[in-house]
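# Take this sequence and fold it.
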Amino acid sequence: TTVASDENLKKDITTVTDAITKAEALKGVTFTWKKDDRKSAGVIAQDVEKVLPEAVRTISNFDGDEFKAVNYGALTSILIEAVKELSAKVKALEAK
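Numbering: from 1, shown residues only. Below is the predicted model of the structure:
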């Protein structure tokens with residue numbers, strides 16, 4: 001899938017800071033969906049909400065039950081900046 005991401009559609013753009021710490025606060029999990037016993041993998045919305053609240057929203061199903069949903073694409077920003085931070089640390093260590 002594709003998501004609109006044009007700079008012209010955005011304002012107040014800032015680079016994610018302290019991305020390694022944020023990435024370390026997240027945990028990848030495997031789990032089984034209660035509704036159909038299907039195995040899957042992902043993150044827990046409540047954990048993501050503590051690190052990147054703008055990536056989580058509360059939605060309701062047809063029965064009116066509310067639950068948290070994660071915009072997985074938004075997590076990419078943390079991962080990209082964490083890789084860049086780690087790369088800079090590796091380069092600094094290699095230069096010694």
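# Tell me which residue is most central in this protein.
Compute the mean C-alpha point of the chain, and by CA atoms, centre = their mean the closest residue is L75, 2.3 Å away.
# so that residue makes contact with V48?
Yes: assessed by CB atoms under 8 Å, L75 is found in contact with V48 at 7.1 Å. All C-beta spots, glycine's among them, are computed from the backbone N, C-alpha and C.
# Can you give me the neighbour number for the residue lying closest to F67 once chain neighbours are set aside?
Closest residue in space to F67, ignoring its immediate chain neighbours: I59 at 6.6 Å, by CB to CB, 6 or more residues apart in numbering. I59 has 9 neighbours, counted by other CB atoms under 10 Å.
# Can I take it that I59 is in a strand?
Yes: with DSSP: H, G, I helix; E, B strand; the rest coil as the criterion, I59 is part of a strand.
# got the contact list for it?
I59 sits next to 66-69 when contact means CB atoms under 8 Å, 6 or more residues apart in numbering.
# tell me the SS of the closest residue in space to R57 that isn't next to it in sequence?
Spatial nearest neighbour of R57, excluding adjacent residues (CB to CB, 6+ apart): A69 at 5.7 Å. At A69 the chain is in strand, as set by three-state DSSP.
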